[in-house]
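Peer 1: need a structure here:
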Amino acid sequence: MSLYQKLTKVMTDRDVESYAALFHEDAEIIFHKSGSKFTKSEWTTMVVDMMGNPKFFNDLSRSRCVYENDDILVSHEFMSYPDDTKEAVMLVAMKKDGQIIRMETGATPL
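Peer 2: Alright, predicted model coming up:
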């Protein structure tokens, strides 16, 4: 199963533990929109809150994998948030040992 397929499954299932397992212990998460940077631990704490809120979701009918190989995943996501905003999100995830070692996102408000 590809990393994109695994991410899609854990997001659909809202399975935080399995989601976190997809990230390398030394992972760095970067939001270009805000300039924020997070460690795996910081990001996992945020994900618990996000996945626990039914108003947070990824519109999987519109999202897609742009490209994936052993080193990188590029996807385009359509996200909805608890404050009723929506964004198109470009996600680039660099891989190490089959896990995400660095994830960067760029978002455009819809």
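
Peer 1: Neighbours of residue 100, how many?
Peer 2: 21 (other CB atoms under 10 Å). Quick note: C-beta positions are derived from backbone N, CA and C, even for glycine.

Peer 1: per-residue confidence for it?
Peer 2: pLDDT, residue 100: 98.

Peer 1: Next one: it from residue 110, what distance?
Peer 2: Residue 100 sits 25 Å away from residue 110, going by CB to CB, to the nearest Å.

Peer 1: So what touches stretch 52-60?
Peer 2: When contacts are defined by CB atoms under 8 Å, 6 or more residues apart in numbering, stretch 52-60 is touched by residues 8, 11-12, 14, 50, 77-82, 84.

Peer 1: Quick one: buried ones out of the residues you listed?
Peer 2: 8, 11, 14, 50, 77-79 (16 or more other CB atoms under 10 Å).

Peer 1: Which of those sits closest to residue 23?
Peer 2: Nearest to residue 23 out of these is residue 11 (CB to CB; 13.5 Å).
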